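K.L.:
Sharing a model prediction with you, sequence too.
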Amino acid sequence: MQTTLSAESRQLPRAEEAEKILRSCVHCGFCNATCPTYQLLGDELDGPRGRIYLIKQVLEGNQVTRKTQEHLDRCLSCRNCETTCPSGVDYHNLLDIGRAVVDAAVPRPMGQRLLREGLRSVAPNARLFKRLISSGQVFRALLPGSLQAKLPRNAAAPGSRPVTRHARQVLMLEGCVQPGLSPNTNAAAARVLDRLEISVTAALEAGCCGAVDYHLDAQNVGLDRARHNIDAWWPAIELGAEAIVQTASGCGAFIKDYAHLLRADPAYADKAKRVSALAKDLVEVLKGEPLETLGVHGDRRLAFHCPCTLQHAQKLGGAVESVLILLGFSLTAVPDAHLCCGSAGTYSLTQPELARQLRDNKLNALESGHPEIIATANIGCQSHLDGAGRTPVRHWIELIDDAVGLARRRRADCV
């Protein structure tokens, strides 16, 4: 695509990157065929090709309007278009660049500013978020239905974690909202890894991965959180930690992008590159291990929702499904499995109407095979889908952990 950036845009820190991405787009429109918002709204400007054109106009010096901001806001950043694109357009980075320019030029209405600032204040603070969830559960009956739907249904208690005892050790990102919404997920992961003779080393100083701030008009704050995490992990990395494991694919996708986002930072570029190389979704660790030693045979019928951040951002579509099938679980077919569920981080709160439509469409697809339970790999998707009050939704590692515990009890009963 022929592009001529304005003199002002050429001064942007990522001007060269933006121009290169714009020029790689041939405007073929294949991306619209798999774009969730384009399929719902049928508006060219609510598809990747249209949004690319809007960003091009902005960077070429044309007027920036509230409508431009609305069309960019409606993007889920699901990156389905990147999977579809025959030209390899790096859409999500262009979107980040364009959003930063547009948001600097167009003030948001007060309600939106308060919502975004509130989310940025609460979500990355794991302790505060967990306290709010606990308070919400106590007063659940008094809350309006929209808030009740955001609270977890029957979240399993975390249970005990194994002590660090194996030569092989990994770090684990605890996350910010997951400890409050699904407290058993990381504990289950630690128990399963322990059975595979891998210990989880605590790095309590690490916090939110930075994605919440970065995608809510505060990119510099998000990058500062990335730097903080790198500093928190670095001592363990120097001592030989073999991976930084994430059980939330959204966090994993962002951490794997640290190297790109901090490549121009002389103090952190090399460290960020090392951290991104060590970042592994939990399934990347498990799929290389002798899973038969777990001694389980899953006997549950389930549907797996593969989050966009796992299949499109991390290119790990099918990986979890393979592990679950290997362990004996029965997986139902899921039509249009490539489409987003509508969670997309905080999207379900900033764009609730579109998010609900996408959620209901996704649940219809997931439930079409009549599963007993739905499994997923990202806390945002898990909370969003489970909030509909339909088929229960859990993280896939919890189902494996349950199966391990059941197998051990059965063996004990036979002795």
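P.N.:
Done, it's in.
K.L.:
now F304: how far from P124?
P.N.:
28 Å (Cβ to Cβ, to the nearest Å). Bear in mind the C-beta positions are built from the backbone N, C-alpha and C, glycine included.
K.L.:
Could you do E242 as well?
P.N.:
For E242, the distance to P124 - Cβ to Cβ - is 27 Å.
K.L.:
Give me the distance between the two termini of stretch 25-43.
P.N.:
Distance between the two ends of stretch 25-43: 19 Å, counting by Cα to Cα, to the nearest Å.
K.L.:
how far is it from where the chain is centred?
P.N.:
22 Å (Cα atoms, centre = their mean, to the nearest Å).
K.L.:
cool, stretch 62-74 as well?
P.N.:
Relative to its chain's centre, stretch 62-74 lies at 24 Å (Cα atoms, centre = their mean).
K.L.:
For that stretch, which residues meet the burial criterion?
P.N.:
Across stretch 62-74, burial judged by 16 or more other Cβ atoms under 10 Å covers V64, T68, Q69, H71, L72, R74.
K.L.:
swap in stretch 271-287?
P.N.:
So, applying 16+ other Cβ under 10 Å, buried residues of stretch 271-287: 271-272, 274-276, 278-286.
K.L.:
same thing with stretch 197-209?
P.N.:
Across stretch 197-209, burial judged by 16+ other Cβ under 10 Å covers I198, S199, V200, A203, A206, G207, C208, C209.
K.L.:
same deal with stretch 72-82?
P.N.:
Result for stretch 72-82 [16+ other Cβ under 10 Å]: buried residues L72, R74, C75, L76, S77, C78, R79, N80, C81, E82.
K.L.:
State the mean pLDDT of that stretch.
P.N.:
For stretch 72-82, the mean per-residue pLDDT is 97.
K.L.:
first to last residue in it, what's the distance?
P.N.:
With Cα to Cα as the measure, stretch 72-82 spans 16 Å from end to end.
K.L.:
still on that earlier bit, settle it for me: which of E242 and P124 has more neighbours?
P.N.:
P124 (23 against 14; other Cβ atoms under 10 Å).
K.L.:
is it true that that one touches Y214?
P.N.:
No - here P124 does not reach Y214: they are 10.6 Å apart, not a contact under Cβ atoms under 8 Å.
K.L.:
thinking again about what came up before, ok, so of the buried residues of stretch 197-209, who is nearest L291?
P.N.:
I198 (12.4 Å; Cβ to Cβ).
K.L.:
Now the helix or strand encompassing F304: buried residues?
P.N.:
F304 is located in strand 301-305, with elements delineated by DSSP states H and E. For strand 301-305, a neighbour-count test (16+ other Cβ under 10 Å) marks L302, A303, F304, H305 as buried.
K.L.:
Let me know the pLDDT of the third one.
P.N.:
Looking at F304, its pLDDT stands at 98.
K.L.:
what sits against it?
P.N.:
By Cβ atoms under 8 Å, 6 or more residues apart in numbering, the contact set of F304 is V320, E321, L324, L331, V334, I374, A375, T376, W396.
K.L.:
So for the helix or strand hosting R409, what gets flagged as buried?
P.N.:
Assessed by DSSP H and E, R409 sits inside helix 396-414. For helix 396-414, the neighbour count (16+ other Cβ under 10 Å) marks W396, I397, E398, L399, I400, D401, D402, A403, V404 as buried.
K.L.:
what about the residue lying closest to V320 once chain neighbours are set aside, which SS state?
P.N.:
Using Cβ to Cβ, 6 or more residues apart in numbering and skipping the chain neighbours, the partner closest in space to V320 is V283 (4.9 Å). On the three-state scheme (DSSP: H, G, I helix; E, B strand; the rest coil), V283 is labelled helix.
K.L.:
Identify the residues contacting V283.
P.N.:
L310, L316, A319, V320, V323, A377.
K.L.:
Where does the prediction get shaky in the protein?
P.N.:
For the chain, applying pLDDT under 70 flags the ranges 413, 415.
K.L.:
tell me which strands and helices the host helix or strand of G111 is in contact with?
P.N.:
Following DSSP H and E, one finds G111 within helix 110-122. Here helix 110-122 touches helix 126-138, helix 211-214, helix 347-350, going by 3 or more Cβ pairs under 8 Å, 6 or more residues apart in numbering; DSSP states H and E.
K.L.:
Redo those helices as JSON lines? Include mean neighbour count.
P.N.:
As requested, the helices and strands packed on helix 110-122 are exported to JSON lines (neighbours: other Cβ atoms under 10 Å):
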{"stretch": "helix 126-138", "mean neighbour count": "14"}
{"stretch": "helix 211-214", "mean neighbour count": "24"}
{"stretch": "helix 347-350", "mean neighbour count": "20"}
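K.L.:
A157: which of the buried residues of stretch 271-287 is nearest?
P.N.:
Minimum distance to A157 across these is 20.1 Å, recorded for L282 (Cβ to Cβ).
K.L.:
hmm, back to that, what's the farthest-apart pair in the buried residues of stretch 72-82?
P.N.:
Using Cβ to Cβ, those span at most 17.4 Å, a distance reached by R74 and E82.
K.L.:
how about the strands of the stretch 151-300 of the chain, start to end?
P.N.:
Secondary structure of the stretch 151-300 of the chain (DSSP state E, counting those that start in this stretch): strands located at 168-172, 198-201, 244-246, 279-281.
K.L.:
who does the first one pair up with?
P.N.:
Going back to what we said before, that points to strand 168-172. Sheet pairing of strand 168-172 (DSSP bridges) gives strand 198-201 (parallel), strand 244-246 (parallel).
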